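> Sequence and predicted structure, then a few things I'm wondering about:
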Amino acid sequence: MNDSSTEPQSTNFIRSIIDADLASGKHKKVITRFPPEPNGYLHIGHAKSICLNFGIAQDYPSAVCHLRFDDTNPGKEKSEYIDAIKEDVRWLGFSWDDNSHHTSDYFDQLYAYAVQLVKQDKAYVDSLSAADTKAYRGNLTEPGIDSPFRGRSIEENIDLLERMKTGEFAEGEHVLRAKIDMAAPNMNMRDPAIYRIKHMAHPMTGDKWHIYPMYDFAHCVSDAIEGITHSLCTLEFEDHRPLYDWFLDELKTPAHPQQIEFSRLNLDYTVMSKRKLYELVEDGHVHGWNDPRLPTLSGMRRRGYTANAIRDFCSRIGVTKKDNIIEMSVLENSLREDLNSVAPRALAVLDPIKLIIDNYPEDQEETLAGVNHPKNPDAGTRDIPFSKTLYIELSDYMDDAPKKFFRLTVGREVRLRFAYYVTCTHVVKDDSGNVTEVHCRYDPETRGGKSEDGRKVKGTIHWVSAQHAVTAEVRLYDRLFTIPAPVAEKERDFKEFINIDSAQVLANCQLEASLLNANTTAYQFERQGYFCLDSVDSKPGSLVFNRIVTLRDSWAKKK
RNA sequence: UGGGGCGUGGCCAAGUGGUUAAGGCACGGGGUUUUGAUCUCCGCAUCCCAGGUUCGAAUCCUGGCGCCCCAGCCA
């Protein structure tokens, strides 16, 4: 008997390629890599790549996935990001064991390979200004023109490169370029830069270097050095692949990894680029990288998303080469599925109004048992105090209610969850007509929420005993943007579409007493959604809950 | 208008010449239910277009059309 989970592993075209490579004997074991640049926080788009790369490492025998920080640009990178990135990957449930690397680990080897290229007359030091380089490159329809420095001798190039390395020249004075073809239809092959001068200390190598390698050169060589078999990246690198292969072929590296491209993840009603997320953070539209409305992994974690849900989501969306915009409902479905199975239930009134049971004794109090999880008896029950004055949800009462409104209106009977049946008798309103109190009578024969006579009560509402309630702040989050594809609006700035109601703060929520001891797991507030303590702002004396996601609401749809 | 990709239902996505064209999400409807939740049952496409090859095409060929990416000394 094998009782291990038989969870179907979604396959994709990349796994098919790997299967074929293993079958043909091209590779004995698979090595992938996840190569973030430490210049910002990871988002759910990265999670897709992480699940793909680390997922392959998990599923194939003796396969591994390296974590590699692509730190070739000290002008943009900070070591602070490294720990955050590691934390996010770990939180998602993946490990890299002792395979955490930095591209900067290979700077010496990279340089030696560059020298080799020069010696093969496949690279040269160019002294054109940045502006001239651009002008010489041509454009999409016109070929470029050779730089006047393209014909320098190997000796001169070696000398110049060495002096670039030792910091003899100013930034921008020279650049090492591959000698390929200035007329190539693929712009990437028009003598791309290999090294540029940057008089800048590097987080890992300090002030050792004055030149830093470019992505196209560093990435393929690093992959080769690490023995990566399949180098998975996103679609925009597709026309870099000829260059990736050119470098490795010219350098005759011991290994020649295969670059395979897949489409990046796009989610509707949000943005997914580091630059745009940075803009939202910098301009104060959200409160930091871990704002619960952001699709960053740190924001989602704070919001209450589970790693399980994100992994499940990634397996559901698949991996292809097609541009896509995934609907938020797919993510929410993965989330609800996970949360529903594990979240303990609780009663919480977010928008309270008093419900007074006129025929319930003034000073009486009793304790009722609430089921912690309807599908899991092992979760047990908890005590919930009940008394004459309760809080119920304002929206659970309506003056002129339609027949299909299964809640309170004068003359209608509902069940108070786990408690009694109550029938609404009248309401009290203030001068402006707002309901301030709902009055009702209860049926003592319905304790626990069931009646002997088999009478049907269609509606069940949640409540909290006023004198026992815990007051807390609850933050309700909604989509960050008002349109599905804010970045697709070419003529307008995506920030114009920010949803100004994306974060609603309710300061006077009334929670059942047991929530006073809430821990860090997610709870389902019955009939409302899933909530968890805010890891940043919640304090023992003043609880703050985040709404992770609402429950499905078919009644709301009908209305 | 150079080069590289992509085009299967509202959104994803299987499918690789013979299947009633998987599955998920969404949507619509029925049942169960002390959460209008969960669970459950049912419904929901002829494959961008046009020709062609073939007994037979989403799958092969030809020609269109549409969308995305590339002119950083960013990654």
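That came in fine, so what should we check first? Numbers count the residues shown, from 1 in each chain, chains lettered A, B, ... in the order given.

> Show the pLDDT at the spatially closest residue to A:V118 that is not a sequence neighbour.
Leaving aside its sequence neighbours, A:V118 sits nearest to A:N157 (CB to CB, 6 or more residues apart in numbering; 4.8 Å). For the C-beta atoms, the positions are set from N, CA and C on the backbone; glycine is no exception. According to the prediction, A:N157 has pLDDT 98.

> Report the contact partners of A:N157.
Counting by CB atoms under 8 Å, 6 or more residues apart in numbering, A:N157 makes contact with A:V118, A:A123, A:Y124, A:V125.

> Report the contact partners of the last one.
For A:V125, the set of contacting residues under the criterion of CB under 8 Å, 6+ apart consists of A:F149, A:R152, A:E156, A:N157, A:L160, A:L161, A:M164, A:H174, A:V175, A:L176, A:R177.

> Which element, helix or strand, includes the fifth one?
So the one you mean is A:L160. Using DSSP states H and E, A:L160 maps to helix A:154-165.

> do that helix and RNA strand B meet at all?
No - judged by CB under 7 Å from any atom of the strand, helix A:154-165 makes no contact with RNA strand B; its nearest approach is 10.5 Å.

> Give me the next element, helix or strand, following that helix.
In N-to-C order, the element after helix A:154-165 by DSSP H and E is strand A:175-178.

> So which other helices or strands are in contact with that next one?
When contacts are defined as 3 or more CB pairs under 8 Å, 6 or more residues apart in numbering; DSSP states H and E, strand A:175-178 sits against helix A:107-119, strand A:123-126, strand A:193-197, helix A:241-251.

> what do you get if the cut-off is 10 Å, keeping everything else the same?
With contacts defined as 3 or more CB pairs under 10 Å, 6 or more residues apart in numbering; DSSP states H and E, strand A:175-178 has these neighbours: helix A:107-119, strand A:123-126, helix A:130-136, helix A:154-165, strand A:193-197, strand A:211-213, helix A:215-226, helix A:241-251.

> Buried deepest among those, which one?
Comparing those by mean neighbour count (mean count of other CB atoms under 10 Å), strand A:123-126 ranks first with a mean of 25.

> average pLDDT across that strand?
Computed over strand A:123-126, the average pLDDT equals 98.

> re the thing from before, including distance to A:T436, could the contacts of A:V125 go into CSV?
Below are the contacts of A:V125 laid out as CSV (distance: CB to CB, whole Å):
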residue, distance to A:T436
A:F149, 83
A:R152, 87
A:E156, 89
A:N157, 85
A:L160, 83
A:L161, 81
A:M164, 78
A:H174, 78
A:V175, 74
A:L176, 77
A:R177, 77
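
> Near RNA strand B, which residues of the stretch 1-150 of chain A are found?
So the stretch 1-150 of chain A meets RNA strand B at A:11-13, A:16, A:35, A:37, A:70, A:72-73, A:76, A:126, A:128-130, A:133-134, A:137, A:139-141 (CB under 7 Å from any atom of the strand).

> Take the residues you listed and keep only those in strands.
Taking DSSP state E, the ones among those that sit in strands are A:D126.

> Any of the residues of the stretch 1-150 of chain A next to RNA strand B buried? List them.
Neighbour-count burial (16 or more other CB atoms under 10 Å) applied to these gives A:N12, A:P35, A:E37, A:D70, A:T72, A:N73, A:D126, A:L128, A:T133, A:R137.

> check contacts around whichever residue of chain A sits closest to RNA strand B.
Per CB to the nearest atom of the strand, the residue of chain A with the smallest distance to RNA strand B is A:G449, at 2.3 Å. Shown in contact with A:G449 (CB atoms under 10 Å, 6 or more residues apart in numbering): A:L368, A:R415, A:L416, A:R417, A:F418, A:A419, A:Y420, A:Y421, A:V457, A:T460.

> Just the ones of those in strands?
A:L368, A:R415, A:L416, A:Y421, A:T460.

> Which two of the buried ones among the residues of the stretch 1-150 of chain A next to RNA strand B have the greatest separation?
Pairwise distances across these peak at 43.4 Å for A:N12 and A:L128 (criterion: CB to CB).

> Now do the helices in chain A.
A:13-23, A:44-59, A:80-91, A:107-119, A:130-136, A:154-165, A:215-226, A:241-251, A:274-282, A:297-303, A:307-317, A:328-342, A:554-558 (DSSP state H).

> got the contact list for the helix or strand of chain A with the lowest mean pLDDT?
Within chain A, no helix or strand scores below helix A:554-558, which has a mean of 88 by mean pLDDT, DSSP states H and E. Residues from elsewhere that reach helix A:554-558 (CB under 10 Å, 6+ apart): A:K404, A:F405, A:F406, A:R407, A:R527, A:T550.

> what sits against the third one?
Going by CB under 10 Å, 6+ apart, A:F406 touches A:D396, A:R412, A:V414, A:R415, A:V457, A:K458, A:G459, A:T460, A:I461, A:W555.
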